[in-house]
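Student: take a look and give me a structure for this.
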Amino acid sequence: MNAIQTINLTKYYGKSRGIIDSNLTVKEGEFFGFIGPNGAGKSTTIRTLLGLISPTSGSAQLLGLDIRNEREKILSRVGYLPSEAVFYSGTKVRDILKLSADLHGKDCSGEASSLCDRLQLNPSRKVSELSFGNRKKVAIVCALQHSPELLILDEPTSGLDPLMQREFFSILKERNGAGSTVFLSSHILSEIQHNCTRAAIIREGRIIACDSVDALSKTNAKRITVHGNVQFRESDDIRNIEESNGAVNFLYTGNIRLLLKTLSEQEITDLTISEPDLEEIFMHYYEK
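Tutor: Below you'll find the model as predicted:
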């Protein structure tokens, strides 16, 4: 069974684009990344999947359940972390965690205590006393404490310092290793590259690529660094030219033999050819 499956899922806000003809499959047990800049349609996709907003057309299932007709069953089995979590300001953290657990009909006190310890979150504090990062920790515990089968996380690390980010991903990997499916929406490409096995790229509401992270990272593009008295101009094969400290850097997608021939006719002192990082490849998909 698939954890997430969408068929031509579409959402318009009046005449404004949300998502268009989204076809996506996430297998049970995957650690799946959902990549795109702000405004690409990541949050709209997630809110539509969870029934927080209604689709304009198309269909989707979570854990084999229809998002239109079986929303309550879906929410009982899913842990959702929104990009921005808002709580009653005068409420203590422990009361928020208990309310969240009660909504799932579970006693989550033991798991909540463990998560609070690992995330260095004081459950006795009031929400009004918490920083943005600590409010994000409250939302994380709410999403994880009932041990859901599917975790849907929308920009989860904003506000967390690097040490907490590391601990957070350790927790996610443990949950994934125990069988939970993780759907991670992010515009931070290193999070996807270091943690996910497969990913989809969304641009202007449409999914433009979906494959293993390794496959998405493999293109014919090369990062070229040339030292010497050389000059290059932007072209179909040469992009993102940068000059610094006597070197010229650019992304090259053409025939490497032609490049070497061109370089042999110029005054070069050093040459480096390397694989581009995921961020450069991501931009390559967006520019295509």
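Student: which residue ranges of the stretch 1-150 of the chain form helices?
Tutor: 42-49, 71-77, 93-103, 109-119, 132-144 (DSSP state H, counting those that start in this stretch).
Student: what's the third one packed up against?
Tutor: Here helix 93-103 is seen to pack against helix 109-119, helix 132-144 when contacts are counted using 3 or more C-beta pairs under 8 Å, 6 or more residues apart in numbering; DSSP states H and E. Placement of C-beta: from N, CA and C, glycine included.
Student: and the longest one, by the same measure?
Tutor: Other elements packing on helix 132-144 under the criterion 3+ C-beta pairs under 8 Å, 6+ apart are strand 78-81, helix 93-103, helix 109-119, strand 150-154, helix 162-177.
Student: the first one: how far from the chain's middle?
Tutor: Here the centre of strand 78-81 is set off from its chain's centre by 14 Å, with C-alpha atoms, centre = their mean, to the nearest Å.
Student: partners of that strand, with directions?
Tutor: In the sheet, strand 78-81 lines up against strand 150-154 (parallel) (DSSP bridges).
Student: pLDDT below threshold where in the stretch 101-250 of the chain?
Tutor: For the stretch 101-250 of the chain, applying pLDDT under 70 flags the ranges 218-220.
Student: go again with 90.
Tutor: Residue ranges of the stretch 101-250 of the chain with pLDDT under 90: 158-159, 186-193, 203, 209, 213-223, 228-250.
Student: can you tell me which of the helices and strands packed on helix 93-103 is most buried?
Tutor: helix 132-144 (a mean of 22; mean count of other C-beta atoms under 10 Å).
Student: show me where the stretch 151-288 of the chain has strands.
Tutor: Using DSSP state E, counting those that start in this stretch, the strands of the stretch 151-288 of the chain run over residues 181-186, 198-203, 206-212, 222-229, 238-244, 247-252, 267-274.
Student: looking at these, spot the one closest to residue 145.
Tutor: Closest approach to residue 145 among the strands of the stretch 151-288 of the chain is made by strand 181-186 (15.7 Å; C-beta to C-beta).
Student: what does the closest one contact?
Tutor: With contact meaning C-beta atoms under 8 Å, 6 or more residues apart in numbering, strand 181-186 is reached by 3-4, 26-36, 42-43, 45-46, 149-157, 172, 175-176, 191-192, 195-196.
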